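*Asks:* Below: sequence and its predicted model.
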Amino acid sequence: MTQDLATQLLALATEKGATVTTAESCTGGMVAAAITDIAGSSAIFERGFVTYSNIAKQEMLGVSAATLEAHGAVSEEVAREMAIGARNAANATVAVAISGIAGPGGSEFKPEGRVCFATATAQGTTSETIEFGALGRANVRAEATSRALSLLLTALSSI
């Protein structure tokens, strides 16, 4: 499924003359890998950011320490700042950001399978949280990758 989504993304971004970037935490580069698995992706994808630690989120994407402290890394607030920072750093048309708890583990307040997403375009930023549940680390990461590609398609469709 991710290959189909990435192929659609390449076609739509090419048609619109758009570029995309990624800011990934729990997916560890899987979205960028899905995009670059498609031949010709260099026309729409120049770089992505894997910011697994809070320090990386701050240094590479400009996520505020205050936002991290107030909301935690797994939050829509942080995902929005990640998406905005990635879009600016890559000078891209659209960015997607992912931060979540792939597992195993989690807590009462932030359970395993919770993933926060955001997209950023010149028109603004949107965010959402999806509770995938305790599907296991690999499955949560795969589901998050597919959702991120879908969000990129949706964002590109509206510009």
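*Replies:* Sure, I can see it. Bear in mind that the values here come from a model prediction, so they are computed numbers and not experimental data. Numbers count the residues shown, from 1 in each chain.
*Asks:* can you give me the strands in the protein?
*Replies:* 20-24, 49-50, 94-100, 114-121, 124-131 (DSSP state E).
*Asks:* Would you mind giving these as TSV with distance to Ala56 added?
*Replies:* Just so you know, the C-beta spots here come from the backbone N, C-alpha and C atoms, and that holds for glycine as well. Formatted as TSV, the strands of the chain follow (distance: least, CB to CB, whole Å):
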stretch	distance to Ala56
strand 20-24	10
strand 49-50	8
strand 94-100	11
strand 114-121	16
strand 124-131	20
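*Asks:* Just tell me which of those strands ends up closest to Leu68.
*Replies:* strand 94-100 (10.3 Å; CB to CB).
*Asks:* Just name whatever secondary elements the closest one is in contact with.
*Replies:* strand 20-24, helix 76-90, strand 114-121, helix 137-157 (3 or more CB pairs under 8 Å, 6 or more residues apart in numbering; DSSP states H and E).
*Asks:* what's the residue most central in space within the chain in contact with, if anything?
*Replies:* Nearest to the mean C-alpha position of the chain, counting by CA atoms, centre = their mean, stands Ala97 at 2.6 Å. Ala97 makes contact with 22-24, 79-80, 82-83, 86, 117-120 under the criterion CB atoms under 8 Å, 6 or more residues apart in numbering.
*Asks:* Just give me the closest of the residues you listed to Leu9.
*Replies:* Thr22 (11.1 Å).
*Asks:* burial count for the closest residue to that closest one other than its chain neighbours?
*Replies:* The shortest distance from Thr22 to any non-neighbouring residue, by CB to CB, 6 or more residues apart in numbering, is to Gly48 (3.9 Å). As a burial measure, Gly48 scores 22 neighbours (other CB atoms under 10 Å).
*Asks:* Okay, the residue of the chain most remote from its centre and Arg114: tell me how far apart.
*Replies:* Ranked by distance from the centre of the chain (CA atoms, centre = their mean), the top residue is Glu108, with 24.0 Å. Distance of Glu108 to Arg114, computed by CB to CB, to the nearest Å: 11 Å.
*Asks:* What mean pLDDT does stretch 106-120 get?
*Replies:* Summarised as a single mean, pLDDT over stretch 106-120 is 92.
*Asks:* Make 32 the starting number, not 1.
*Replies:* New numbering, starting at 32: the last item is stretch 137-151.
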